[in-house]
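>>> Okay, predicted coordinates and the sequence, questions at the end:
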Amino acid sequence: MENSNNHLDVEKKSERSETVDLNDNTLQVDISDALSEREKVKFTVHTKTTLKDFAKQDFSVVRQHEEFIWLHDRFEENESYAGYIIPPPPPRPDFDSSREKLQKLGEGEGSMTAEEFKKMKQELEAEYLATFKKTVAMHEVFLCRLANHPIFRADTNFRVFLEYEQDLSVRGKNKKEKLETFLRSFSKTTDEILLGSTQKDVDEFFDKEKSFLLDYHSLLKDATLRADKMTKAHKDVADHYIKISSCLLEMATADTNQLERFATKTADIFEKARKIENRVSTDEDLKLSDTLRYYMRDTTAAKNLLYRRLRCLADYEGANRALEKARAKNKDVHAALEVADAEWSQHQACEKFEQMSAKGKEELIDFKVRRVAAIKKNLVELCELELKHANTHSQLLKASIVALREEL
Amino acid sequence: MADDRHAPKLDDEFNDDDLFASAIEIKVEAKADISLEDDRSNGLSPIEEQSHNLSAADEIDLNSDSEYKDGVPDTKAKIELRSEPEDIFEDIPEPKEVHRETMAGRSTLETLVTSPRTQSCNAYHAGTMIEEEKVITAESDGKFITISVKDPQKIGDGISSFLTYNVVTHTNIGLFKKTEMTVSRRFSDFLGLHDKLAEKYLHKGRLVPAPPEKNVVGTTKVKMAGGQTEHEGKLPEFVERRRAALERYLIRIAIHPIFQVDPDFREFLECEDELPRASNTSALSGAGVLRLFNRMGETVTKIAFKMGESDPWFEERHQQLETLESQFRRLQASLEGLYSHRRELAFATAALGKGLALLSNGEDHAGLSRALAKMAELHDKLEGVHNDQSNADFYILHELIKDYLSLLGVVKDVFHERVKAFQTWQHAQQMLAKKREAVDRWEATGRSDKVAPAKDEVLEWEAKVNRSQEEFDVISKAIKKELELFDLQRVKDFKAAFISYLEAQMKAQDKIIEHWETYMPEAKAIA
């Protein structure tokens, strides 16, 4: 699997991409293709647009994960977007666990029958494929959110990302830069905590939001972990069905007489049941765990917004104090420059802050609406899928019991 | 050998093949048989009639077939068998073995206990290990025996405490004193029963079911539990497993036609007093140590002595059983894996439920909060379902396989007994040859005083050779029959167990459907 190139034709536009209103301002982005090569995944980002600013109306470029991160960082660092919730970046494509499992399977090949080995290999390949699809989906969602945001879609970096046909030559951060980022994030976190405890927010709305989001975020994280554990356990159960099925098959072939047909049929039943259980597990993973995980990341983004705002507020208050100090120091006229400076910076800070507050409020409210809607949608879908699978399973069992009774 | 006669071995059904040549077509039902019986004798059981015929013969040899072939009229379809087992008897060209029931006092024998194993599978299936109220019945044409093991109770305190179980029997087999009885037995009683049966039957090639294993850790835990474990709910899981295993053990004995009427077994079920402590079942007793030595010695002989197998059937069977054993072991391992993973799943589901509940508390949107709370409840219920599923995995399938693994062990033991019988026979033959040589030698040297006793010895050894040869034949035949029975039983048990397992799974899935359906409107109702 590592050496082959996996082509994944992702044509499921209807499922994942979010289309904007169809009028002159359409900007539709999706990932039409993806290639997995050794360590990297190459995404083909396909854009369809009627906006005038673009050179062409329909074009594609190839991007790698690092370039997505680059794009996200550009947004994050942009001061003018400080009042917005920046969509969380897609997680790195991670096939390590699949690779590990495949290796383990290869090592253990001797201890199981050829049938069993084949089936487990198929299972693993399906798992790999599922992870692959998921990472493509994550990247796509990220882009779509940017494309649908009225302000973000106009960003130059975004346009470059979509259009520039050659490699953006974004190299992964080398050690020094990684250390820098790490230090920066570290100082940011301490600052955040400090601010959180010392800076009093004037606006009650934001105050409440902050405490809510902090709490919510940790709860989401917790729930996501647990959901992950549950889906994994489900998968393990399904895997064991394979073993039992092959044991039964063995017994059937070796058994000289009466049990042969019975055991074969039973082995078959276990096989089918396994497929269903697997499907249940994947669906649970997709609808429940992933939703929780996504919103966990989104809440982080929201928290970042709040942090920036708080920072801004701190700056504003700092500017205020500076202004007062300047005024106090310079009661006389010829230091008016300093005062003017201070006034001007205070004015800036004030504006910035108010803008940020207004925007931020909007974003946060919007965030809540989005969140509720998305969770609702996924819960409903999860419910439907679970019912569908449980029904199939139950019918399978009914039919098989009838068939087996004939053998009695 | 006296024991044989006490033990009513009504295993006529094993060998009366041509008796059934006609009966097989008839799909013998209870009514048909009873009418046959009525024709013959007024109320007297066929066996009694037979014993009248045989009353003259005191010594009933296990293998004296030909005498009775004529003595037993073939309208004596007294063996009320269902169609199934009759098939297997078609191809057993066996001489009939007739054993006389020397229960002089039992003139009120109603009917014969026959092949209860036919119904056992259905009953077995009904008597799932999970629910105690279901009982396991061994039936045959209106005659049945139902045994259940209930109410584990701790008696006493501390190191000398022990658990007792109530053994409840319902039967209308006439050999028992009453139709319903309840007695209190402890684990060592069960082991004692096994020892008695093994002593009597194992060397004859009968498969004596193996009792549940000892469990030192579990037992000590219960002993040390400080006296508050009066209620079942508090007793550790191992007690439930043991209870279920003991029940299955008794059923297996009950469905075996020979053991069913064994007086020791009956005493076990009937005797209301405490049975004499089977203290030699304890591992540290003198008998225990003796057993250990014996076992070691036997293992050595097993390895050392390679019997020249004359009968390919045994060779083949041996192979087959070896393969079966390894397959069972693999299946058991997978089942254990399945069981533990499902347990994990149940835990994880419960944990998720809690996580969701917390999340719901932290959620400020009222509708979503409600939906999340309901989902938490849902997952709690799902945990219950998963737990049930894993119980099914365990009690229905896993324990079954484990039982069969131990039964296979017994089969191996029985095979070994046959080898021992062979050895005895060979040894006797060798001794005979030596004695004959001795006679020749004495005659050659003209020591006529030594010749006479030597000749006596020769006669003695000739008799021994005959006897041991017959025993060897008997045990071989018995093993063949037992294995047929075993196979039949195995097939039935398996089919029944798997079907019951799938049914349990189906119920679980239905419950899952139910739960999700109740949840669905909640999810949709999020404003």
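Perfect, thanks for sending it. Numbers count the residues shown, from 1 in each chain, chains lettered A, B, ... in the order given.
>>> and the longest strand along chain B, average pLDDT?
Ranked by residue count and defined by DSSP state E, the top strand of chain B is strand B:143-155. On average, the pLDDT along strand B:143-155 is 81.
>>> Just the CA trace of it, in PDB.
Output of strand B:143-155 as PDB, limited to C-alpha atoms (Å, rounded to 0.1, in the frame of the first residue of the first chain):
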ATOM      1  CA  LYS B 143     -40.700 -39.800  30.300                       C
ATOM      2  CA  PHE B 144     -38.600 -37.000  31.200                       C
ATOM      3  CA  ILE B 145     -36.200 -35.800  33.700                       C
ATOM      4  CA  THR B 146     -35.600 -32.200  34.400                       C
ATOM      5  CA  ILE B 147     -32.700 -31.000  36.500                       C
ATOM      6  CA  SER B 148     -31.800 -27.500  37.500                       C
ATOM      7  CA  VAL B 149     -29.100 -26.200  39.800                       C
ATOM      8  CA  LYS B 150     -30.100 -23.100  41.700                       C
ATOM      9  CA  ASP B 151     -29.600 -20.800  44.600                       C
ATOM     10  CA  PRO B 152     -26.000 -20.800  45.400                       C
ATOM     11  CA  GLN B 153     -25.700 -20.200  49.100                       C
ATOM     12  CA  LYS B 154     -22.700 -19.700  51.300                       C
ATOM     13  CA  ILE B 155     -22.800 -21.800  54.400                       C
END
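>>> And the next helix or strand past that strand?
strand B:162-171 (DSSP states H and E).
>>> Direction included, what does that next one pair against?
strand B:143-155 (antiparallel), strand B:180-186 (antiparallel) (DSSP bridges).
>>> Deepest-packed of those strands, please.
strand B:143-155 (a mean of 19; mean count of other C-beta atoms under 10 Å in any protein chain shown). C-beta: built from backbone N, CA, C; applies to glycine.
>>> burial count for residue 372?
Because you didn't say which chain, this covers chain A. 17 (other C-beta atoms under 10 Å in any protein chain shown).
>>> try chain B instead
Other residues lying near residue B:372 total 27 when counted by other C-beta under 10 Å.
>>> residues in contact with it?
B:356-357, B:359-360, B:363 (C-beta atoms under 8 Å, 6 or more residues apart in numbering or on different chains).
>>> Show me which residues of the stretch 201-350 of chain B are close to chain A?
Residues of the stretch 201-350 of chain B that fall close to chain A, judged by C-beta under 8 Å from any C-beta of the partner chain: B:320, B:323-324, B:327, B:330-331, B:334-335, B:337-338, B:341-342, B:344-345, B:347-349.
>>> rewinding a little: can you redo the strands paired with strand B:162-171 as a markdown table with distance to residue A:318?
As requested, the strands paired with strand B:162-171 are exported to a markdown table (distance: least, C-beta to C-beta, whole Å):
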| stretch | distance to residue A:318 |
| --- | --- |
| strand B:143-155 | 74 |
| strand B:180-186 | 83 |
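>>> Close to chain B: what parts of the stretch 101-250 of chain A are there?
A:212, A:215-216, A:219-220, A:222-223, A:225-227, A:229-230, A:232-234, A:236-237, A:240-241, A:243-244, A:247-248, A:250.
>>> Around chain B, which positions in the stretch 251-400 of chain A sit nearby?
Contacts of the stretch 251-400 of chain A with chain B, taken as C-beta under 8 Å from any C-beta, map to A:251, A:254, A:256-259, A:262-263, A:266, A:269, A:273, A:368, A:371-372, A:375-376, A:379-380, A:382-384, A:386-387, A:390-391, A:393-394, A:397-398, A:400.
>>> try it again with 6 Å
Applying C-beta under 6 Å from any C-beta of the partner chain, one finds that the stretch 251-400 of chain A approaches chain B through A:251, A:254, A:258-259, A:262, A:266, A:372, A:376, A:379-380, A:383, A:386-387, A:390, A:393-394, A:397.
>>> give me the low-pLDDT residue ranges for chain B?
B:1-143, B:225-235, B:278-285, B:288, B:301-309, B:527 (pLDDT under 70).
>>> Scan it for its longest helix.
helix B:448-524 (DSSP state H).
>>> so residue B:345 makes contact with residue A:233?
Yes. Counting by C-beta atoms under 6 Å, residue B:345 does reach residue A:233; the two are 3.9 Å apart.
>>> neighbour count winner among those two?
Shown here are residue B:345 and residue A:233; by other C-beta under 10 Å, residue B:345 has more neighbours (27 against 21).
>>> where does the more buried one land in three-state SS?
Reduced to three states with DSSP: H, G, I helix; E, B strand; the rest coil, the structure at residue B:345 is helix.
>>> backbone phi and psi for residue A:27, please?
phi -140, psi 110 (degrees, to the nearest 10).
>>> List the contacts of it.
Contacts here follow C-beta atoms under 6 Å, 6 or more residues apart in numbering or on different chains; on that basis residue A:27 touches A:49, A:51, A:147, A:153.
>>> which one of the residues you listed sits closest to chain B?
Nearest to chain B among these, counting by C-beta to the nearest C-beta, is residue A:147 at 27.0 Å.
>>> what's near enough to touch that closest one?
Contacts of residue A:147 (C-beta under 6 Å, 6+ apart): A:27, A:29, A:153.
>>> closest to residue A:55 among these?
Nearest to residue A:55 out of the contacts of residue A:147 is residue A:27 (C-beta to C-beta; 13.8 Å).
>>> What's the per-residue pLDDT of that closest one here?
If you check residue A:27, the pLDDT there is 84.
>>> do the one 10 residues further on as well
pLDDT, residue A:37: 79.
>>> how about it, phi and psi?
Torsion angles, degrees, to the nearest 10, at residue A:37: phi -130, psi 110.
>>> Check the one 5 residues further on too.
Listed backbone geometry of residue A:42 is phi -110, psi 120, with angles given as degrees, to the nearest 10.
>>> Look at residue A:59 and give its secondary structure.
On the three-state scheme (three-state DSSP), residue A:59 is labelled strand.
>>> Just give the closest residue to it, not the sequence neighbours.
Take residue A:59 and drop its neighbours on the chain: the residue closest to it by C-beta to C-beta, 6 or more residues apart in numbering or on different chains is residue A:47, 5.8 Å away.
>>> show me the contacts for that neighbour.
A:29, A:59, A:162.
>>> what bits of the stretch 101-250 of chain A have low per-residue confidence?
Using pLDDT under 70, the stretch 101-250 of chain A drops low at A:169-174, A:196-202.
>>> And the helices in it?
A:114-148, A:156-163, A:175-198, A:204-254 (DSSP state H, counting those that start in this stretch).
>>> Name the stretch among these that sits most buried.
Comparing the helices of the stretch 101-250 of chain A by mean neighbour count (mean count of other C-beta under 10 Å), helix A:204-254 ranks first with a mean of 20.
>>> Now do the helix or strand following that one against helix A:114-148, angle only.
Of the helices and strands lying after helix A:204-254 in sequence (DSSP H and E), the nearest is helix A:259-284. Inter-element angle recorded for helix A:259-284 and helix A:114-148: 20 degrees (by axes from the mean of the first three to the mean of the last three C-alpha atoms, to 10 degrees).
>>> quick revisit: from the residues of the stretch 201-350 of chain B next to chain A, which land in helices?
Using DSSP H, those in helices are B:320, B:323-324, B:327, B:330-331, B:334-335, B:337-338, B:341-342, B:344-345, B:347-349.
>>> just the buried members of those residues?
Among those, those buried by neighbour count (16 or more other C-beta atoms under 10 Å in any protein chain shown) are B:324, B:327, B:330-331, B:334-335, B:337-338, B:341-342, B:344-345, B:347-349.
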